[in-house]
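Participant: Let me see the structure of the following:
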Amino acid sequence: MDSYFMNFGLRAVPIRPYQNIPWDSHLTRLEHFPMLLRAATTILCTLDLKRRLESGTYPVEMQGKGKGAKEVCMEMFGRFFNSCRVPFSGEDKIVTYHPSARSEPLDHFYVCCSGHFYGVDVVGEGGAVLGLPGLVELLQTIVEDAAERPQAWGRKGTGLLSCQDRETWAEDSAYLQRLSPENADILQFLYSSAFGVCLEPSSFPMTLDAMDVQIWHNHGANRWFDKPIQWVAFGNGYGGLHGEHSGMDGTVSGNVISDICPRIDNGLLGLTIPTYDAKGSGTTQQWSRLDFKLDDHLLDRLRSADAVLQNEIGKVSISADIFSEFGAAAVKKLRASPDAFCQVAMQMTIFRLERDMVPQYESASTRTFQHGRTETIRSVTSESRAAAEAFYLHKTSIAEKNAKLRKALAEHSAVSRRAVSGEGIDRHLLGLRMIHAEKYPGKPLPKVFQHPAFGYSCNWRMSTSQLGNQYYQAGYGAVVDDGLGAAYSYTNNHFQFKVSSRHLTPVSPKVFLKALRETLLLMRHVLASGQPTAKL
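Facilitator: Alright, predicted model coming up:
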């Protein structure tokens, strides 16, 4: 099923800024550190994680707590480093590079600055790594070199080609390699790089929404959009991550962020970065320019790609909100699940705004199974609709609202448990469709898949996922033209949401988030009204 699931995601369909492929995260809680110090510290901490994964010292992750905890499949971590989505006609491929038994680890990475690409290798013989001061100096040299050079196609660079629909990009990638052997070598360097680093010395985003726009798509500038991990560092010291996640799920990337961020914090505060001596090992600085050879045809392609991309960007909106009136701790005291609380709140908010429920997707991790990826939690239930109607359609008492809301929360938790346990239906149905396509190419799908109810139920106007913690809040695009993409997370003291929309979506992210705030407060009030009072 893992191969079916990944191959389905690698079909040659357009990857545009609104689709559920790229995601971004704000990092870390420490702010206003110099851009190059943040970037250098992040690089060293990332290399440290890579070494721990390669040596087997990174612990196997667990799902659940206590005696009921289960080990989860770690296979997706193998596609995190030295990996890339590579365009091919008909169907892309995830290509992962592994060092031979006699070679040094593949620790090289690339840096983007002002649209220019640079190849960097800070690991010398025997695994000696350039220390923090030397790495900051190396990055400074790259920034200065980029500033002295002519702008790389309006500061956007050749990476803009990777924003195109996949068939066009496959054609251009093949043309790039035919045009010059140097282009082929550069592509191989980018594909095989451990990760990417995007430096934005002239960008100073000061709000969550401004950072989201620049981390998410940056108007096509200074990125290689096929890479599963690209760290972004802004001129004001803020940072984030952009990732192409067809080869892995958001939970894996999120767990990596959660591992790296405390180490980044330690490094920024001058504490020792694990594995690497912050004073440096004296490794020689190694970097080089990665300049593609372009002709008039490719320059025309860049102009066309830019025009199409800007048109698509004009159709998307994104907004983030941190709800700090209460958090998961308060919800648990009301004997409710924080995840179910968020899911039902989003359903009731849509019902309030549109006077109807819409298909709502929530991802469930199935990593307790070998090669497990995700299953669909079909969040909308008869119980959640009844609760929404009790709140916003019918005149009901507080007690009746309380009862219906608790039934909705309990049912959502039950549906979630079934999905996590492999008892969902959507991946099974996907597998059947993929098998049919293999065995009977060009033949119509069985009637069950042509039924209007099936099509409607899979038209995920609300695509949701719990992705975030105290270190980050992930985000992604709506998956249909009239839908919302809603990522969320919570701590004991707050909830955070990041919502995106398309031009045909009847509700904007800002309107949705404002109404969601009101729903969260109302739900807490209703749940609290049914709590037993203390006896004096």
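Participant: do you know how far the closest residue to Ala147 other than its chain neighbours is from Gly196?
Facilitator: Counting by C-beta to C-beta, 6 or more residues apart in numbering, Ala147 lies nearest to Ser114, which is 6.8 Å off, once chain neighbours are set aside. Glycine gets a C-beta too; all of them are placed from N, C-alpha and C. As judged by C-beta to C-beta, to the nearest Å, Ser114 and Gly196 stand 15 Å apart.
Participant: how about the helices in the stretch 251-400 of the chain?
Facilitator: Residue ranges of the helices in the stretch 251-400 of the chain, as given by DSSP state H, counting those that start in this stretch, are 296-313, 328-333, 338-354, 382-392, 398-420.
Participant: Distance to Glu182 and mean neighbour count added to the ones you listed, as CSV?
Facilitator: CSV is the format used below for those (distance: least, C-beta to C-beta, whole Å; neighbours: other C-beta atoms under 10 Å):
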stretch, distance to Glu182, mean neighbour count
helix 296-313, 14, 15
helix 328-333, 53, 16
helix 338-354, 50, 23
helix 382-392, 57, 20
helix 398-420, 49, 19
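Participant: for the ones you listed, which one sits closest to Met62?
Facilitator: helix 398-420 (13.6 Å; C-beta to C-beta).
Participant: Could you check the angle that closest one makes with helix 338-354?
Facilitator: Per axes from the mean of the first three to the mean of the last three C-alpha atoms, to 10 degrees, the angle that helix 398-420 makes with helix 338-354 is 120 degrees.
Participant: who does helix 398-420 touch, helix- and strand-wise?
Facilitator: Judged by 3 or more C-beta pairs under 8 Å, 6 or more residues apart in numbering; DSSP states H and E, the packing partners of helix 398-420 are helix 338-354, strand 360-365, strand 374-378, helix 382-392, helix 509-529.
Participant: Can you lay out the ones you listed as a markdown table showing distance to Thr96 and mean pLDDT?
Facilitator: Output for these, formatted as a markdown table (distance: least, C-beta to C-beta, whole Å; pLDDT from 0 to 100):
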| stretch | distance to Thr96 | mean pLDDT |
| --- | --- | --- |
| helix 338-354 | 32 | 98 |
| strand 360-365 | 21 | 95 |
| strand 374-378 | 20 | 95 |
| helix 382-392 | 41 | 98 |
| helix 509-529 | 35 | 97 |
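Participant: Out of those, which is closest to Glu54?
Facilitator: strand 360-365 (23.7 Å).
Participant: Could I have the CA atoms of that closest one written out in PDB?
Facilitator: Extracted as PDB, the C-alpha positions of strand 360-365 are listed here (Å, rounded to 0.1, in the frame of the first residue of the first chain):
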ATOM      1  CA  GLN A 360     -13.800  16.900   6.300                       C
ATOM      2  CA  TYR A 361     -10.500  15.000   6.100                       C
ATOM      3  CA  GLU A 362      -8.200  14.400   9.000                       C
ATOM      4  CA  SER A 363      -5.000  12.400   8.700                       C
ATOM      5  CA  ALA A 364      -4.300   9.400  11.000                       C
ATOM      6  CA  SER A 365      -0.900   7.900  11.200                       C
END
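Participant: Tell me which residues are up against it.
Facilitator: Outside of strand 360-365, the residues within contact range by C-beta atoms under 8 Å, 6 or more residues apart in numbering are 63, 72, 249-251, 343, 346-347, 350, 372, 374-380, 416, 419-420, 424, 460-466, 479.
Participant: Which PyMOL command selects the buried ones in those?
Facilitator: Of the contacts of strand 360-365, the buried ones can be selected in PyMOL as follows, counting by 16 or more other C-beta atoms under 10 Å:
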select buried, resi 72+249+250+251+343+346+347+350+372+374+375+376+377+378+379+380+416+419+420+424+460+461+462+463+464+465+466+479
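Participant: what's the span of stretch 233-243, first residue to last?
Facilitator: 14 Å (C-alpha to C-alpha, to the nearest Å).
Participant: Now do the strands in the stretch 101-250 of the chain.
Facilitator: Ranges of strands in the stretch 101-250 of the chain, per DSSP state E, counting those that start in this stretch, are 109-113, 116-120, 196-200, 230-234, 239-244.
Participant: what's the angle between the first one and strand 196-200?
Facilitator: Going back to what we said before, that points to strand 109-113. Counting by the same axes, to 10 degrees, strand 109-113 lies at 20 degrees to strand 196-200.
Participant: Report all helices and strands that strand 109-113 contacts.
Facilitator: When contacts are defined as 3+ C-beta pairs under 8 Å, 6+ apart, strand 109-113 sits against strand 116-120, helix 132-148, strand 196-200.
Participant: partners of the host helix or strand of Thr464 in the sheet?
Facilitator: Here Thr464, judged by DSSP states H and E, is contained in strand 462-466. Using DSSP bridges, the strands paired with strand 462-466 are strand 360-365 (parallel), strand 484-490 (parallel).
Participant: winner for burial among the ones you listed?
Facilitator: Across the strands paired with strand 462-466, the average number of neighbours (mean count of other C-beta atoms under 10 Å) peaks for strand 484-490, which reaches a mean of 27.
Participant: Please tell me how far it is from the chain's geometric centre.
Facilitator: Distance of strand 484-490 from its chain centroid, counting by C-alpha atoms, centre = their mean, to the nearest Å, is 11 Å.
Participant: Averaging pLDDT per element, find the lowest-scoring helix or strand in the protein.
Facilitator: Within the chain, confidence by mean pLDDT, DSSP states H and E is lowest for strand 22-27 among all helices and strands, at a mean of 49.
Participant: Quick check: next helix or strand after that one?
Facilitator: Next along from strand 22-27, by DSSP H and E: helix 35-55.
Participant: burial of the residue nearest to Asn183 when sequence neighbours are not counted, as a residue count?
Facilitator: Spatially, and ignoring its direct neighbours in sequence, Asn183 is nearest to Leu176 (4.5 Å; C-beta to C-beta, 6+ apart). Neighbourhood size, Leu176 [other C-beta atoms under 10 Å]: 22.
Participant: what sits against Leu176?
Facilitator: Leu176 makes contacts with 161, 183-184, 187, 292, 298, as judged by C-beta under 8 Å, 6+ apart.
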